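could you work out the structure for the sequence below:
(6 chains)
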Number of protein chains: 4
Amino acid sequence: MAAPDPPPAPQRRGRPRSVAADRAILAATRAALVEVGWSRLTMSEIALRAGVAKTTLYRRWAAKSELVVDAVAVLFDELELPDRGCLRADVEGVVISFAALLRRPETKTALMAVLAESTTDRALRARIREAIVDRQKRLVLDGRSRAQQRGELPPDPPDPAETARVVDLIFDVIAGAVVHRSLVSDCPVDETWARQFATLLLEGLGAASTSARPQSEQAQPDTF
Amino acid sequence: MAAPDPPPAPQRRGRPRSVAADRAILAATRAALVEVGWSRLTMSEIALRAGVAKTTLYRRWAAKSELVVDAVAVLFDELELPDRGCLRADVEGVVISFAALLRRPETKTALMAVLAESTTDRALRARIREAIVDRQKRLVLDGRSRAQQRGELPPDPPDPAETARVVDLIFDVIAGAVVHRSLVSDCPVDETWARQFATLLLEGLGAASTSARPQSEQAQPDTF
Amino acid sequence: MAAPDPPPAPQRRGRPRSVAADRAILAATRAALVEVGWSRLTMSEIALRAGVAKTTLYRRWAAKSELVVDAVAVLFDELELPDRGCLRADVEGVVISFAALLRRPETKTALMAVLAESTTDRALRARIREAIVDRQKRLVLDGRSRAQQRGELPPDPPDPAETARVVDLIFDVIAGAVVHRSLVSDCPVDETWARQFATLLLEGLGAASTSARPQSEQAQPDTF
Amino acid sequence: MAAPDPPPAPQRRGRPRSVAADRAILAATRAALVEVGWSRLTMSEIALRAGVAKTTLYRRWAAKSELVVDAVAVLFDELELPDRGCLRADVEGVVISFAALLRRPETKTALMAVLAESTTDRALRARIREAIVDRQKRLVLDGRSRAQQRGELPPDPPDPAETARVVDLIFDVIAGAVVHRSLVSDCPVDETWARQFATLLLEGLGAASTSARPQSEQAQPDTF
DNA sequence: TCTTAATCGAGACGGTACGTCGGGTCTTCTG
DNA sequence: CAGAAGACCCGACGTACCGTCTCGATTAAGA
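Numbering: from 1, shown residues only, chains lettered A, B, ... in the order given. Sure, this is the predicted structure:
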């Protein structure tokens, strides 16, 4: 995430780059994103807000999208997964807090924008995965191992590749569902939806298809 | 989907708008999207390809994003859900064909681009939902009613709002997972992944977490 | 001046052209010229003001410049040369009234605009001469024949071509000087200037170069 | 004449403006004027010919008309007044050479066009006077002082304002007559016309009205 | 202490696309 | 048939950003 383009020879000659400028630029990028959105976000505007020349931006980032990736990556790292006692509660918790993050204008705008750019830019795709996406798989790993310790989930299969496949699947399902609900369907991710989604995730389509509250709350304890 | 901006008084004065131009513009938009992608897609280029003046574009669509929504909406309507005999097969089928659609450059690039724009544009958000997203819920409705007829899923709950909630949930989960896997995680949606995802969807996390093939294939028959 | 483009077959079939439209268009053209000037004068605006469709304009005039020529030509015909008793007074009178005409925004703007257009348009040049310029030579002819009757000027030379050359020369000098003073030098054509100009015209450079008022008023009768 | 818009602080920050670009733009403007005339003269075309971006044009000149004023101003500076021995010959000479200048397509087309624009633009009017018109008064001043040294004209009156009025008058008469003859009446300014005009200017209407050649040639030496 | 070299700010540069405007033509329905 | 309405193609407009470049002015580290 952190370091911009090349973390170069540990000490070059000449005037060193200003670290204050780096911070100012990233903060200015976030602020500008909130106010004007991606499509009206310009390098000149960022430079102006950061009190920095355009040259300084381009010396550090090759493109607007890379700058934005770095600027918002740190926000995603704020996600946490406190232990709520059972797998269902942990799922609901992460869904709610991820949705809250996606409600912030700078995150939702930046995320979709860089993803859009990434559809035609392999390097950017990799950078996004490194700086944003893959870092959040820690949440799945944490929740899963906790649930295994509680006996809510079976232990890892012998093949580690198989484990990775499962983790990836769960991550895509949770993140995808929340993003789609929030940004595509444009509907609120509230506690009701989180509960229903957790039921689907834990028990499958049949359980989620029956009337929601009473059964699922009964079903919850005895599922595991 | 079809009609652009105002579907006005059924017979206005003056020269009527050319329907041929409409068709040519949408086709040219798709063709240009394939060749140059979203970021290099220009209104002038579209007009040139369509054999149409730029003014004609702006008379019908207020922005490039709205034009692209209409241009690609029709592609999503090509999705079908042939009856494969059981719910699991239907799920796997729709996942595979949706992923195939998302591999086409004009769809993936256009979809993400307009979604990105839509994060700061309420009207565009509504247009996307109307023209693209909500129309595909038919796939969920079809598959669900088929599964109910087969006895694979319980009948609709008495409250129709509850049914709508469930349908929306399923749609967000399937569409979100496929989009996330394809465009964010940048991994292939192949038969293996589809099978694993279907297991998760039908039986929940516990089933999906155990080693994939044998158990799930055993589990499949006894679902119904 | 009078008729627009083709003074056609005295009675054609079908609906005859509206003469009211003609008048409305020319009036609208003059009004629009005053308000927005030539460069911002548009055919659409004229049509709108005249309550007429653009088609109707183009059916009658081939270009904006021709329309403007016709619209302002009538204004120049208002110039008159009342008999003020002597050649000097007649010259001063015509200078003053011509300058007054050139102060009106629609005349000065229109005249210079169509002249500018005419530098690259032979047909327009002819139309301007016919409709505006040559018609005003009557002023020179009148003043000259009056002065000849008074004995202030010698009679016409035997060769009529020679007479025409002299009339053209006088016309170019008077009209040119007033236009240049008004529109190029952008200085007022007041009584002082008119008197000085008349002295130059009647008596030549030497007389005009000496101090102005007293001498020239003495000099006037005896010419030296 | 020379400098474009703001002649600012003698050393500003940032990259200085390219003087080569200035020269290239003005030359390109003249060349384009010759080829396509004023009405088809576009900023893009000028920029293209000059090898310069459109932005560079707009950074220096607010409007096409101002650019053209600067571009053609230098051509008018080429006018000279060689000493031909007597006032009459000097007048005829300047008339002929001014008419030759007005026959060049770039000058006549540009001059009339910017004058037309200037009727509704006070600033442009001032710019034209500064850059083109007033600079040519030097010709009148030169010719007049030469004639005074020769004894062909009386010395300056005591009041300098009176001198200025006379110079302005003579300038308006000569320039106005030549422009009107050339561009409005659309007739050639040849030696015959020049001689006739000089007679009018030097001796007044009466002399010019009599049959031209013999008398005026006799009159020429003994007039002063 | 003096180079030396890379940074900084500012802003002009060549480009590309924008969205608008006006020109003139055409196609429709209404009088 | 003329007229109004207005859509059509065309091309220029002036603006906004892009990413690069040239300036003079800083700012360290190495000589």
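
just the closest residue of chain A to chain C, please.
Relative to chain C, the nearest point of chain A is A:Arg40 (30.5 Å; CB to the nearest CB). Yep, even glycine has a C-beta here, placed from its N, CA and C like the rest.

what about that residue, neighbour count?
Here the count is done by other CB atoms under 10 Å in any protein chain shown, and A:Arg40 has 11 residues near it.

can you tell if stretch A:39-50 touches chain B?
Yes: contact of stretch A:39-50 with chain B (CB under 8 Å from any CB of the partner chain) involves A:Ser39.

what do you get for stretch A:110-121?
Yes: counting by CB under 8 Å from any CB, chain B has neighbours in stretch A:110-121: A:112-113, A:115-120.

can you redo these as TSV with pLDDT?
Shown next, in TSV, are the residues of stretch A:110-121 next to chain B (pLDDT from 0 to 100):
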residue	pLDDT
A:Met112	94
A:Ala113	92
A:Leu115	94
A:Ala116	92
A:Glu117	90
A:Ser118	92
A:Thr119	91
A:Thr120	89
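
relative orientation of the lengthiest helix in chain A and helix B:160-179 in degrees?
Taking DSSP state H as the criterion, chain A has its longest helix at helix A:160-179. Angle, helix A:160-179 to helix B:160-179, by axes from the mean of the first three to the mean of the last three CA atoms, to 10 degrees: 130 degrees.

how about helix A:160-179 and chain B, any contact?
Yes: counting by CB under 8 Å from any CB, contacts between helix A:160-179 and chain B involve A:162, A:165-166, A:168-173, A:175-179.

excluding its backbone neighbours, what's nearest A:Ala113?
A:Trp38 (3.7 Å; CB to CB, 6 or more residues apart in numbering or on different chains).

so who does the one you found touch?
A:Trp38 makes contact with A:68, A:109-110, A:112-113, B:116-117, B:119-120 under the criterion CB atoms under 8 Å, 6 or more residues apart in numbering or on different chains.

how does it look with 7 Å?
By CB atoms under 7 Å, 6 or more residues apart in numbering or on different chains, A:Trp38 lies in contact with A:109-110, A:113, B:116.

can I assume A:Thr84 is in contact with A:Val91?
That one is not Thr; residue A:84 is Arg. No: A:Arg84 sits out of contact with A:Val91 when judged by CB atoms under 7 Å, with a separation of 9.2 Å.

so these two - more neighbours on which side?
When neighbours are counted by other CB under 10 Å, A:Val91 comes out ahead of the other of A:Arg84 and A:Val91, with 24 against 15.

tell me the confidence at the residue in chain A that DNA strand E sits nearest to?
Relative to DNA strand E, the nearest point of chain A is A:Gly14 (2.0 Å; CB to the nearest atom of the strand). On pLDDT, A:Gly14 comes in at 81.

and if you look at the one 4 residues further on?
At A:Ser18, the predicted lDDT confidence score is 89.

do you know how far it is from chain D?
19 Å (CB to the nearest CB, to the nearest Å).

try A:Ala164
53 Å.

quick one: the helices in chain A, in order.
A:19-36, A:43-50, A:54-60, A:64-76, A:87-103, A:105-118, A:122-128, A:137-150, A:160-179, A:191-203, A:205-209, A:213-223.

nearest to C:Leu200, of those helices?
With CB to CB, the closest approach to C:Leu200 among those belongs to helix A:43-50: 60.4 Å.

can you show me the CA trace of the closest one as CSV?
The C-alpha coordinates for helix A:43-50 follow below in CSV (Å, rounded to 0.1, in the frame of the first residue of the first chain):
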residue,chain,number,x,y,z
MET,A,43,-4.6,16.2,-11.1
SER,A,44,-4.4,20.0,-11.1
GLU,A,45,-7.1,20.2,-8.4
ILE,A,46,-5.3,17.7,-6.2
ALA,A,47,-2.0,19.6,-6.7
LEU,A,48,-3.7,22.9,-5.8
ARG,A,49,-5.3,21.5,-2.7
ALA,A,50,-2.1,19.9,-1.6
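
who in chain A is up against DNA strand E?
Contact residues, chain A versus DNA strand E (CB under 7 Å from any atom of the strand): A:12-18, A:21, A:51-56, A:59.

farthest-separated two in these?
Farthest pair in the residues of chain A next to DNA strand E, by CB to CB: A:Arg13 and A:Gly51, 26.0 Å.

more crowded one of these two?
Neighbours were counted for A:Arg13 and for A:Gly51 using other CB under 10 Å; A:Gly51 has more, 12 against 6.

what number of residues lie near the residue nearest to the more buried one when sequence neighbours are not counted?
In space, A:Gly51 comes closest to A:Ala24 once its chain neighbours are excluded; the distance is 6.4 Å by CB to CB, 6+ apart. Applying other CB under 10 Å, we find 18 other residues in the vicinity of A:Ala24.

in stretch A:139-156, what's buried?
Neighbour counts over stretch A:139-156 (16 or more other CB atoms under 10 Å in any protein chain shown) mark A:139-140, A:143-144, A:146-147, A:152-153, A:156 as buried.

could you see whether chain B lies near it?
Yes: using CB under 7 Å from any CB of the partner chain, we find that stretch A:139-156 touches chain B at A:153-154.

what sits up against that stretch?
By CB under 7 Å, 6+ apart, stretch A:139-156 touches A:79, A:81, A:83, A:86-87, A:90, A:94, A:163, A:167, A:170-171, A:224, B:205-206, B:209-210.

buried ones among those residues?
For the contacts of stretch A:139-156, buried by 16+ other CB under 10 Å: A:81, A:86-87, A:90, A:94, A:163, A:167, A:170-171, B:205-206, B:209-210.

distance to C:Ala194 and pLDDT for those - can I get that in TSV?
Below are these laid out as TSV (distance: CB to CB, whole Å; pLDDT from 0 to 100):
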residue	distance to C:Ala194	pLDDT
A:Leu81	95	94
A:Cys86	105	96
A:Leu87	103	96
A:Asp90	99	97
A:Val94	93	97
A:Thr163	104	93
A:Val167	98	96
A:Ile170	97	97
A:Phe171	93	98
B:Leu205	102	90
B:Gly206	108	82
B:Ser209	105	79
B:Thr210	110	73
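
now distance to chain C too, for the residues you listed, in a markdown table please.
Formatted as a markdown table, those follow (distance: CB to the nearest CB, whole Å):
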| residue | distance to chain C |
| --- | --- |
| A:Leu81 | 65 |
| A:Cys86 | 72 |
| A:Leu87 | 69 |
| A:Asp90 | 67 |
| A:Val94 | 61 |
| A:Thr163 | 71 |
| A:Val167 | 65 |
| A:Ile170 | 63 |
| A:Phe171 | 59 |
| B:Leu205 | 67 |
| B:Gly206 | 72 |
| B:Ser209 | 70 |
| B:Thr210 | 74 |
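
which ones, among those residues, also lie beside DNA strand F?
Okay, of the buried ones among the contacts of stretch A:139-156, nothing touches DNA strand F (CB under 7 Å from any atom of the strand).

and which of those residues is nearest to DNA strand F?
A:Phe171 (31.5 Å).

leaving out chain neighbours, which residue sits closest to that closest one?
Nearest to A:Phe171 is A:Val140, by CB to CB, 6+ apart, at 4.9 Å.

which one of the helices of chain A lies nearest to B:Cys187?
helix A:160-179 (7.1 Å).

show me what that closest one is in contact with.
The contact list for helix A:160-179 (CB under 7 Å, 6+ apart) reads A:94-95, A:98-99, A:102, A:137, A:140-141, A:144, A:156-157, A:189, A:197, A:201, B:172-173, B:176-177, B:179-181, B:185, B:196-197, B:200, B:208-209, B:211.
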